[in-house]
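[1] A structural model of the following input is requested.
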Amino acid sequence: MELTCKPPLKDDPEYTREIVRIHSSIFQNLQLEEFDYVKLIYKNENELKVRVKKITENDDGGMDIVRLKKRYRDILGAKDNAKVEIETIEENRRVILNTFYAYAKDKNERIVRIHQNKLKELGIKSDNNNTVEVFNLNTGGRLHAKLKELSPDEAKEVNRIRLDAYMRSLLDVEKEDEIGVRKSLFEFHEFNTVINKIEKFFINYNTLILKVSEGEDSDEGKNVVRTNKSNINLLGTEKGDIVDVWWQNKSIQCRILENINKGIDQNNQDIIYICSSERAYIDLDVYDCVCIRRSPNYILKKNILEPFIGAIITGFGLFLTFDDLIGNSAWAISLFVSVLSFYIILSKVRSQV
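    Numbering: from 1, shown residues only. Now for the predicted structure:
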């Protein structure tokens, strides 16, 4: 199906969101639901995967238009009024399940469990190495989680998804509420690479999952995120430090600051405020649930001078001492002592988490 590119309406209340709008008739023709993913293709070359919502009631642009922001048009290389093809994404079909309590062993592990029958509907194999996107049907807020299978013997579990209270809170759902589940289209980032483990060993860090809300107008374009003071402390950061914000397989580094206002929403410990200028870098939308951690690179740079010089001087001094005594083994002992000294000196940094 071919559609004409148009910019979003300025009076659209969701103007800054990472969605595109199409006419309700297209939803019917392509059997789509709101917040489904589609593929937009320009000149059979450039393509883009985006989520869709219906155009607003006051939009009289026609039935064959797609309203997408300039950033999306630039990715496609399409100007206003250009023609693009829209296609459904078969492998991204959804199922609707009722939320339920998580197993005790899964709490705080970012794990959800669904029945094997629903795995088959989603086209997911039971190999325990899958991830799913769990999303609020009304807001479209998304959270990526590790997937495990429920016991196949309990029929009452077929229409359930087990997820812990914190994930339910982030997604604004209560026990027994309906929620959408689909196979993740994007790589799920877990901090378990060799480099991550080395960073964790020397520096240590907490990873928080927070729900995104619209940032302050005054922060737009300044590479700033805001959250409450307790989250800043939990991350082991100070105001003005750099944090890594991870969404899917992308990340951005931002300065973390305390909330400007002190209202109810601003004191909500689940929330991080991020402006559209920063969200655009990682295709992040409001209501999505992102991973936040203090930046190991920044922490190293901030604390590097004294520990690094101290560790190197210690190791070099030992090398000179041991070189005449034990010959070729001196470099290995010196290196070990340097690393150990570096680890000890950074103990204060680790203790902040």
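[2] hey, where'd the helices end up in the chain?
    Taking DSSP state H, the helices of the chain run over residues 24-30, 70-76, 116-122, 165-170, 194-202, 229-234, 276-279, 296-303, 305-326, 330-345, 347-351.
[3] Mind telling me which of those helices the model trusts least?
    The minimum mean pLDDT among the helices of the chain belongs to helix 305-326 (a mean of 53).
[4] so where is the stretch 1-150 of the chain shaky, pLDDT-wise?
    By pLDDT under 70, the low-scoring segments of the stretch 1-150 of the chain are 127-128.
[5] now do 80
    126-129 (pLDDT under 80).
[6] Going along the chain, name the strands of it.
    2-6, 20-22, 37-42, 46-54, 65-67, 83-88, 94-100, 111-114, 131-135, 142-149 (DSSP state E, counting those that start in this stretch).
[7] Make JSON lines out of these and add mean neighbour count and distance to G236.
    (C-beta placed from N, C-alpha, C; glycine too.) Shown next, in JSON lines, are the strands of the stretch 1-150 of the chain (neighbours: other C-beta atoms under 10 Å; distance: least, C-beta to C-beta, whole Å):
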{"stretch": "strand 2-6", "mean neighbour count": "18", "distance to G236": "45"}
{"stretch": "strand 20-22", "mean neighbour count": "22", "distance to G236": "39"}
{"stretch": "strand 37-42", "mean neighbour count": "19", "distance to G236": "36"}
{"stretch": "strand 46-54", "mean neighbour count": "17", "distance to G236": "34"}
{"stretch": "strand 65-67", "mean neighbour count": "23", "distance to G236": "42"}
{"stretch": "strand 83-88", "mean neighbour count": "16", "distance to G236": "44"}
{"stretch": "strand 94-100", "mean neighbour count": "18", "distance to G236": "32"}
{"stretch": "strand 111-114", "mean neighbour count": "22", "distance to G236": "25"}
{"stretch": "strand 131-135", "mean neighbour count": "23", "distance to G236": "27"}
{"stretch": "strand 142-149", "mean neighbour count": "22", "distance to G236": "23"}
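[8] Among these, which comes closest to L257?
    Among the strands of the stretch 1-150 of the chain, strand 142-149 comes nearest to L257, with 24.4 Å by C-beta to C-beta.
[9] and the closest one, what other elements does it pack with?
    strand 111-114, helix 116-122, strand 131-135, helix 165-170, strand 289-294 (3 or more C-beta pairs under 8 Å, 6 or more residues apart in numbering; DSSP states H and E).
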